[in-house]
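Engineer: Sequence first, then the predicted structure, then my questions.
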Amino acid sequence: MADEKKAKERPILFSGAMIRAILKGKKTQTRRIVKPNPDWTEPATGWRNGDGHSGTGWYAYNEDYPEEGSLYYRCPYGEPGDLLWVKETTLKVEDHGYIGPVYAESDDGRACLAWGLAPSADDCTEVEPWDIKRRPSIFMSRSMARILLEVVSIRVERLNDISDADAVSEGSLEWASEQDTTVRDIPAGESHLIYRQLWESINGRGSWDTNPWVWVVKFKRIDLPEAQTRDNESVFMALQLVGGTEAITEDIVESWSDIEARDAQQWALSAHINASDHEDVTVLPIPSCVRRHMKGGDKNEVDHGRATK
């Protein structure tokens, strides 16, 4: 009996407004430009799964054109059944001794940005909101992700062909409700006009008129149990980026609590990013769970850049 195919996971980025719409259940589709954009006059007529010039994956093609490799377009978002984990902006509360992650698009995140951080029982001092820095979404690791999406279907169509129903599924109405412009006055029955403004707010003025071919990815949000938010392999791999951690095995990582594993991963990533010409990224204090397993020398001095040598 053949083994059941395992769903692949890929990261995906959304704007803050779209993350809010996903969390409210108001966004179940996303449109992304096909790159390079095809010169087709009609939509893709077929899909195939296999190896191509861009690697193994799911490819769209138009059977009215010669079936040459350059005319197959590999979908970067996988295929139905695959998973997309959402990268989000987080707040660097760890710089002030608080435990993260704190997501910018969350009640806690908005409270931090509005009121700052109050003193805690752990001897953390009060922090003003303007002293709390953001950690860009590109630095989010899989283990910190709280939003997991399952790909339901994928198709290719012209951007301007979006229907009013699909425009609603793109989160257009939710986005419009947050705007202080006349876009709020456009009726739901003309949601494609709202989506046009949403598209140009992200992709630039005039981008709608170019009418590119786009991937239409329909998805559904999957509940992410607490047990799934921890990825021991990712924690272990992050630690391998930093010198002095050679004695920390996968078994040791597995023995840590969720908080210890998270703190260890965040420290390792901060140290590695800081050593990779990003000196503006603050290196977090070495967690005690890591410190007690570090080898030799002064444990306050760590070879952050071992992986870059």
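Structural biologist: Ah, there it is.
Engineer: Could you point out which residue ranges in the protein have low pLDDT?
Structural biologist: Residues of the chain meeting the criterion pLDDT under 70: 1-5, 42-59, 61-72, 119-125, 224-230, 276-282, 295-309.
Engineer: residue nearest the centroid of this structure?
Structural biologist: Centroid check for the chain by C-alpha atoms, centre = their mean gives Lys87 as the closest residue, at 1.9 Å.
Engineer: from what I can see it touches Ile12, true?
Structural biologist: Yes. The pair Lys87 and Ile12 qualifies as a contact (C-beta atoms under 8 Å) at a distance of 7.0 Å. All C-beta spots, glycine's among them, are computed from the backbone N, C-alpha and C.
Engineer: where along the chain do the helices fall?
Structural biologist: Under the criterion DSSP state H, the chain contains helices at 16-23, 107-115, 164-169, 172-177, 191-203, 232-239, 250-255, 258-275, 288-291.
Engineer: Please name every helix or strand in contact with the longest one.
Structural biologist: Packing partners of helix 258-275 (3 or more C-beta pairs under 8 Å, 6 or more residues apart in numbering; DSSP states H and E): helix 232-239, helix 288-291.
Engineer: Over to the fifth one?
Structural biologist: Using 3+ C-beta pairs under 8 Å, 6+ apart as the contact test, the elements touching helix 191-203 are helix 164-169, helix 172-177.
Engineer: Can you check which of the ones you listed gets nearest to Lys220?
Structural biologist: helix 164-169 (11.1 Å; C-beta to C-beta).
Engineer: residues touching Thr245, list them.
Structural biologist: 239, 268, 290, 293-295 (C-beta atoms under 8 Å, 6 or more residues apart in numbering).
Engineer: hmm, back to that, export the helices and strands packed on helix 191-203 to CSV and tack on distance to Lys8 and mean neighbour count?
Structural biologist: Listed next are the helices and strands packed on helix 191-203 as CSV, based on distance: least, C-beta to C-beta, whole Å; neighbours: other C-beta atoms under 10 Å:
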stretch, distance to Lys8, mean neighbour count
helix 164-169, 24, 18
helix 172-177, 29, 20
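Engineer: Can I get those helices in CSV including distance to Val217?
Structural biologist: As requested, the helices and strands packed on helix 191-203 are exported to CSV (distance: least, C-beta to C-beta, whole Å):
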stretch, distance to Val217
helix 164-169, 11
helix 172-177, 16
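Engineer: Thank you kindly, that will do.
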